[in-house]
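Visitor: Mind looking at a prediction? Sequence and model below.
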Amino acid sequence: MPSSDAPTALAREFLAHPERRYVMFGGKGGLGKTTFSAATAFWLAEQGHKVLVFSVDPQASLSDIFQRDIFGKGAVRITDNLFAQEIDADAHIKAYQDEIRARIREVNNIDAVPDEIEDYIAAASAEPAMEESAIFDSVVDIVSAGDYDFYIYDLVPLGHALYYLSMAKVYDEWIGKITKLREEMREYEEMVSRLRREKETQEDQILAELQDIRSRINTASRVLTDREHTAFFFVLVPEEMILLDTAKAAEMFGRFDVPIAGYVVNRVLPDELIHGDGVPPYLANRAEMQGRHLGRIRRDFGDQVLAYVPELERDITGLPMIERMAQLMYVDGGRPS
Ligand SMILES: Nc1ncnc2c1ncn2[C@@H]1O[C@H](COP(=O)(O)OP(=O)(O)O)[C@@H](O)[C@H]1O
Ligand SMILES: [Mg+2]
């Protein structure tokens with residue numbers, strides 16, 4: 001078992017917090033979030049846990065890394081304990097539209113939905129809120145089904161994740177206010193109907209619907225902000241711009257109460273390549289630059305850096321490469337000298 005070898009601080013973080021069931025890697029696009037998500041899922045599955053790695057990314061990047069077509073196919077078994085799922089948000093929207101059409105036909109007892117209503121349905125589905133709500137719904141469905149020991153949520157790039165979080169907060173406050181208003185109104189209505197000796201006030205459909213939307217959004221954003229059950233790791237690479245962005249992003253995530261479990265540094269030039277005789281000046285120069293950024297990372301983030309992962313000679317795709325990445329992250333990837 002990998003954990004019995006000298007595990008990295010990243011591995012120890014998992015072993016020390018078995019209650020953390022939701023795992024996410026955040027960071028800008030292209031830094032290694034999908035790679036780390038897949039390798040982490042692989043490692044946890046090797047440890048005997050039942051793991052789902054999933055994404056709502058329309059780019060189908062889990063299909064790329066596992067070299068399997070899993071897009072929109074539900075949870076697909078990769079190894080004994082490892083499952084991967086790519087949610088097709090568009091398909092969810094289409095299914096929702098079909099449901100609306102069917103209902104319109106049924107209620108009006110007609111065979112085809114009139115053109116002007118078709119136009120309206122098409123316009124509504126172009127709304128970003130529609131896509132978000134489809135995404136929220138699928139994440140909630142997956143997580144609340146509770147079929148797995150660990151859920152690795154392969155996030156969209158940082159900006160989008162923050163956007164979802166901020167939307168969740170805005171929706172929540174807005175719905176909170178409306179709910180309160182409607183509840184007050186309802187109290188008043190009940191009083192009036194008691195005075196009039198009416199049997200019962202009609203059930204408040206809108207209030208029920210609002211509360212339903214609210215609880216779904218809350219379930220989705222709770223996964224991101226749950227201090228006890230969520231581990232959120234930041235991915236960074238030793239480059240000037242990324243360091244600046246990471247500090248800013250970490251501060252923003254703090255504002256949305258997303259607990260940061262630690263940092264993982266990717267694409268560190270391997271020692272054997274940059275030390276010794278005959279290192280080409282080009283490479284020596286890049287290594288020197290990277291060394292400066294690593295120094296700064298150690299200063300700024302210190303013990304919060306849980307693993308250093310080397311730059312490999314090729315892309316990480318296919319199970320043998322994922323396994324190698326898992327080994328680097330959880331067993332070998334200590335501090336560079
Ligand atoms: N340590 C590494 N060595 C070599 N290639 C890497 C490494 N980490 C990531 N990559 C490659 O970089 C690309 C971007 O990584 P990916 O995990 O898709 O990033 P993200 O999900 O953050 O956009 C992929 O082609 C991946 O195989
Ligand atoms: Mg990705």
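Guide: Yep, it's here. Just so it is clear, the model here is predicted, and its values are computed rather than measured. Ligands and ions are numbered 1, 2, ... in the order given.
Visitor: Return, as residue ranges, the portions of the stretch 51-200 of the chain with sub-threshold pLDDT.
Guide: Low-confidence segments of the stretch 51-200 of the chain, defined by pLDDT under 70: 124-130, 132-133, 156-172, 174-175, 178, 196-200.
Visitor: burial count for the residue of it found nearest ligand 2?
Guide: The stretch 51-200 of the chain approaches ligand 2 most closely through residue 61 (4.5 Å), counting by CB to the ion. Where you see a C-beta, it was placed from the backbone N, CA and C, and this is true even at glycine. Neighbours of residue 61 under the rule other CB atoms under 10 Å: 18.
Visitor: residues touching it, list them.
Guide: By CB atoms under 8 Å, 6 or more residues apart in numbering, the contact list for residue 61 reads 34, 55, 154.
Visitor: residues contacting the residue lying closest to the second one once chain neighbours are set aside?
Guide: For residue 55, the nearest residue in space outside its immediate sequence neighbours is residue 154; the separation is 3.9 Å by CB to CB, 6 or more residues apart in numbering. Applying CB under 8 Å, 6+ apart to residue 154 gives the contacts 25, 33, 34, 37, 38, 53, 54, 55, 57, 61, 62.
Visitor: Against which helices or strands is the helix or strand hosting the first one packed?
Guide: Element membership of residue 25, judged by DSSP states H and E, is strand 22-26. Using 3 or more CB pairs under 8 Å, 6 or more residues apart in numbering; DSSP states H and E as the contact criterion, the neighbours of strand 22-26 among helices and strands are helix 33-46, strand 150-154, strand 230-236.
Visitor: quick one: the second one to strand 230-236, angle?
Guide: Interaxial angle, strand 150-154 versus strand 230-236 (axes from the mean of the first three to the mean of the last three CA atoms, to 10 degrees): 40 degrees.
Visitor: With the longest one instead?
Guide: Orientation note: helix 33-46 sits at an angle of 130 degrees relative to strand 230-236 (the same axes, to 10 degrees).
Visitor: quick one: average pLDDT of the strand holding residue 25?
Guide: For strand 22-26, mean pLDDT rounds to 89.
Visitor: ditto for stretch 267-287
Guide: 91.
Visitor: ok, is it in contact with ligand 1 or not?
Guide: Yes: contact of stretch 267-287 with ligand 1 (CB under 6 Å from any ligand atom) involves residue 267.
Visitor: Other residues contacting that stretch?
Guide: When contacts are defined by CB under 8 Å, 6+ apart, stretch 267-287 is touched by residues 32, 237, 238, 290, 294, 308, 309, 310, 311, 336, 337.
Visitor: For the fourth one, grab the count of nearby residues.
Guide: Here the count is done by other CB under 10 Å, and residue 290 has 19 residues near it.
Visitor: Secondary structure element holding it?
Guide: Using DSSP H and E, residue 290 maps to helix 281-301.
Visitor: got the CA coordinates for the helix or strand following that helix in PDB?
Guide: Using DSSP H and E, the helix or strand that follows helix 281-301 in sequence is strand 305-310. Provided in PDB are the C-alpha atoms of strand 305-310 (Å, rounded to 0.1, in the frame of the first residue of the first chain):
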ATOM      1  CA  VAL A 305       2.600  23.300   0.800                       C
ATOM      2  CA  LEU A 306       1.700  19.600   1.100                       C
ATOM      3  CA  ALA A 307       3.500  18.200  -2.000                       C
ATOM      4  CA  TYR A 308       5.900  19.300  -4.800                       C
ATOM      5  CA  VAL A 309       5.200  17.500  -8.100                       C
ATOM      6  CA  PRO A 310       7.800  17.300 -10.800                       C
END
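Visitor: can you give me the angle strand 305-310 makes with strand 230-236?
Guide: On the basis of the same axes, to 10 degrees, strand 305-310 is oriented at 40 degrees to strand 230-236.
Visitor: Show the backbone phi and psi for residue 250.
Guide: phi -60, psi -40 (degrees, to the nearest 10).
Visitor: Next, count neighbours for it.
Guide: Residues lying near residue 250 (other CB under 10 Å) number 18.
Visitor: So it sits against residue 234, correct?
Guide: Yes: taking contacts as CB atoms under 8 Å, residue 250 lies within contact range of residue 234: 6.4 Å.
Visitor: any common contacting residues for those two?
Guide: With CB under 8 Å, 6+ apart as the test, residue 250 and residue 234 both reach residue 260.
Visitor: Any idea how far apart the tips of stretch 301-310 sit?
Guide: For stretch 301-310, the first-to-last residue distance is 18 Å (CA to CA, to the nearest Å).
Visitor: in the helix holding residue 290, what's buried?
Guide: Buried residues in helix 281-301, counting neighbours by 16 or more other CB atoms under 10 Å, are found at 287, 290, 293, 294, 297, 301.
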